[in-house]
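Visitor: okay, predicted coordinates and the sequence, questions at the end:
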Amino acid sequence: MAINVYLTLLLLFGLAIFQNSMLSDLKLGAARTDVMLLAVLSWTLLRGSRRGMMWAFAGGMFLDLTCGGPMGRFAISLLVVAFLMGLGSDYFSPGNLLIPPLLSGVLTLPYDLTQLVILQAIGHHLIWWENILKVTLPSMLLNAAASLPVYLVLRWLHHRTLGERMEW
């Protein structure tokens, strides 16, 4: 069974809606679970850098369209972490279930920092230490905890669609 571009875009759009509607109320203080980040990292681990970058761009644009705020903030942040994940994806075994939580927690830091840099660059006044302590660090833990279910679902999808050729 092959997954086509339209189903991929529909999946990513659904994740963006889910993250910005249902998950927006499920926060721990200011920390939140970034399902799109987890999906992009999981898909990059499973399918490699090129596919991960495609998911990062499309998923980021859907988040930007559904969330509000500066256009491109999520797309750029997801592209940064997909690139970083892609640098090491050959060294990590997709079968090791410790890898997704570890990498999701660690790569939440550059994801959030990229967003903070973008917000600061367009004129938002930020208190960096407060954002890092109250949002980024707890989000690292939430993303690490939520990464395994996301990874397992996408690993199932990966196995079901293995061998498909999807070109953008």
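Guide: Done, it's in.

Visitor: give the contact list for the residue positioned nearest the centre of the chain.
Guide: Centroid-nearest residue in the chain: Leu37, 1.0 Å away (criterion: Cα atoms, centre = their mean). Contacts for Leu37 (Cβ atoms under 8 Å, 6 or more residues apart in numbering) come out as Leu78, Val81, Ser104, Leu107, Thr108, Tyr111, Asn143. Yep, even glycine has a C-beta here, placed from its N, CA and C like the rest.

Visitor: please tell me which one of those counts the most neighbours.
Guide: Using other Cβ atoms under 10 Å as the neighbour test, the contacts of Leu37 are led by Leu78, with 31 neighbours.

Visitor: contacting residues around it?
Guide: Contacts here follow Cβ under 8 Å, 6+ apart; on that basis Leu78 touches Met36, Leu37, Val40, Trp55, Ala56, Phe57, Gly59, Gly60, Leu63, Tyr111.

Visitor: run the last query once more with 6 Å
Guide: Going by Cβ atoms under 6 Å, 6 or more residues apart in numbering, Leu78 touches Val40, Ala56, Gly60.

Visitor: and the residues you listed, which is closest to Trp156?
Guide: Relative to Trp156, the closest of these is Val40; by Cβ to Cβ it sits at 17.0 Å.

Visitor: check contacts around that closest one.
Guide: Residues near Val40 by Cβ under 6 Å, 6+ apart: Gly52, Trp55, Ala56, Gly59, Leu78, Ala82.

Visitor: may I see the PyMOL selection of the buried members of these?
Guide: With 16 or more other Cβ atoms under 10 Å as the burial test, the buried ones among the contacts of Val40 are selected in PyMOL as follows:
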select buried, resi 52+55+56+59+78+82
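
Visitor: can you tell me which of the contacts of Val40 are in helices?
Guide: In helices, judged by DSSP state H, the following of the contacts of Val40 are found: Gly52, Trp55, Ala56, Gly59, Leu78, Ala82.

Visitor: distance to Thr44 and pLDDT added to those residues, as JSON lines?
Guide: Formatted as JSON lines, these follow (distance: Cβ to Cβ, whole Å; pLDDT from 0 to 100):
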{"residue": "Gly52", "distance to Thr44": "3", "pLDDT": "94"}
{"residue": "Trp55", "distance to Thr44": "7", "pLDDT": "97"}
{"residue": "Ala56", "distance to Thr44": "8", "pLDDT": "98"}
{"residue": "Gly59", "distance to Thr44": "11", "pLDDT": "98"}
{"residue": "Leu78", "distance to Thr44": "10", "pLDDT": "98"}
{"residue": "Ala82", "distance to Thr44": "5", "pLDDT": "96"}
